[in-house]
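Novice: model the following, please.
(one chain, ligands or ions: 1)
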Amino acid sequence: MAQQTPEQIIEGQRQDWNRVAGGWEKWDRFFDEQMAFLNHRLVADARLRAGMRVLDLGSGTGYPALLDAQTIGSNGSVIGLDLAEQMLSAARRKATALGLANVTFRTDDVTALPFEPNSFDAVTSRFCLMFLPEIPKAAAEILRVLRPGAWLAAAVWSAPDKNPYLMIPITVIKQFLDLPQPDPTAPGIFKLAKPGDLAGMLQQAGFTNLCEEEFIADVRFPSGEEYYASLMDIAAPIQNLFAKLSDQQKAAARGRIVSSVDQYRRADGFALPIAVRMVAARKPL
Ligand SMILES: C[S@@+](CC[C@H](N)C(=O)[O-])C[C@H]1O[C@@H](n2cnc3c(N)ncnc32)[C@H](O)[C@@H]1O
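Specialist: Residues are numbered from 1 along each chain as shown. Sure, this is the predicted structure:
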């Protein structure tokens with residue numbers, strides 16, 4: 001297949017995430033309970049303080065933009081930016097429900113930030129940067145809009161073998177499909193998984209004080225069925241793979257995915273391992 005242009009990739013991302021926005025809203029409380037610790041880590045790595053002006057990239061349904069807004073308080077402001085208007089609509093509803101008047105959400109592309117140089121005191125981003133077609137360009141844009149001395153804190157997925165939570169369905173689906181080797185340069189869930197990938201691009205762009213850590217945890221589910229239903233409702237790239245299966249294959253794949261979770265059974269449910277690469281970097285003073 002011919003390589004996609006950056007514009008085609010961005011349009012694909014927009015459509016993918018708009019399509020799953022309902023799923024994100026449906027499972028919002030569950031994923032908030034399960035993954036809020038990542039938002040707290042980003043808030044700390046970005047050194048957020050009261051009164052700051054913060055930009056969150058690829059906010060989706062509001063993570064970590066909403067925690068950013070709670071942290072910087074009524075004298076600060078947060079802009080949450082994302083391609084997918086329907087994800088942002090959910091984020092806006094949540095901001096209203098939380099009574100947050102200091103956060104706004106706008107539809108835009110991370111690789112062409114519509115802001116003046118030196119406009120933000122911090123930038124956060126959770127699970128977005130690996131989906132960009134031109135990550136070095138985004139790194140340069142983030143550097144441009146940050147004030148000197150300000151921090152970027154980003155979370156991206158680490159290696160596939162340390163993320164059974166994501167890899168169980170991918171491995172099962174591949175048992176049914178004769179897929180070509182994935183293009184290692186193409187954006188995707190594990191594009192920034194290797195140590196130094198994102199940190200290297202940020203350093204190249206001019207960031208200093210690079211900090212990187214692989215942060216391991218697990219996501220808890222009451223049942224294999226709940227694991228399957230929640231992940232398949234929100235994970236647009238995995239949905240795209242699943243859509244390639246026939247109806248019969250889908251039914252068989254579902255059974256295999258649910259039973260694969262058995263190996264992660266604990267006394268109180270199922271604990272699916274995840275590994276997240278946490279990267280922080282500072283714009284030089
Ligand atoms: C996996 S979701 C993560 C959402 C949220 N940050 C979270 O952790 O719950 C990835 C988000 O990145 C957004 N995204 C992908 N490419 C983008 C781009 N070029 N510009 C802005 N947002 C983008 C998608 O629309 C999607 O909402």
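Novice: the longest helix in the protein is where?
Specialist: Criterion DSSP state H: the longest helix present in the chain is helix 28-45.
Novice: OK, contacts around residue 44?
Specialist: residue 153 (C-beta atoms under 8 Å, 6 or more residues apart in numbering). For every residue, glycine as well, the C-beta is placed using N, CA and C.
Novice: try it again with 10 Å
Specialist: 71, 153, 278, 280 (C-beta atoms under 10 Å, 6 or more residues apart in numbering).
Novice: can you map out the helices along the stretch 1-150 of the chain?
Specialist: 6-19, 21-26, 28-45, 65-72, 85-97, 135-145 (DSSP state H, counting those that start in this stretch).
Novice: alpha carbons of the second one, as PDB, please.
Specialist: It refers to helix 21-26. What follows is helix 21-26 as a C-alpha-only set of coordinates in PDB (Å, rounded to 0.1, in the frame of the first residue of the first chain):
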ATOM      1  CA  ALA A  21     -16.000   9.100  21.200                       C
ATOM      2  CA  GLY A  22     -19.200   7.500  22.400                       C
ATOM      3  CA  GLY A  23     -17.300   4.500  23.800                       C
ATOM      4  CA  TRP A  24     -14.900   6.900  25.700                       C
ATOM      5  CA  GLU A  25     -17.900   8.600  27.200                       C
ATOM      6  CA  LYS A  26     -19.600   5.300  28.100                       C
END
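Novice: near the residue nearest to residue 34 when sequence neighbours are not counted, how many other residues are there?
Specialist: Excluding its sequence neighbours, the residue lying closest to residue 34 (C-beta to C-beta, 6 or more residues apart in numbering) is residue 219, at 4.9 Å. Residue 219 is flanked by 21 other residues according to other C-beta atoms under 10 Å.
Novice: was I right to think residue 219 contacts residue 35?
Specialist: Yes - between residue 219 and residue 35 there is a contact under C-beta atoms under 10 Å: 7.1 Å.
Novice: near the ligand, which residues of the stretch 1-150 of the chain are found?
Specialist: 10, 13, 17, 58-60, 63, 81-84, 87, 109-111, 126-128, 131-132 (C-beta under 6 Å from any ligand atom).
Novice: good, wrapping up.
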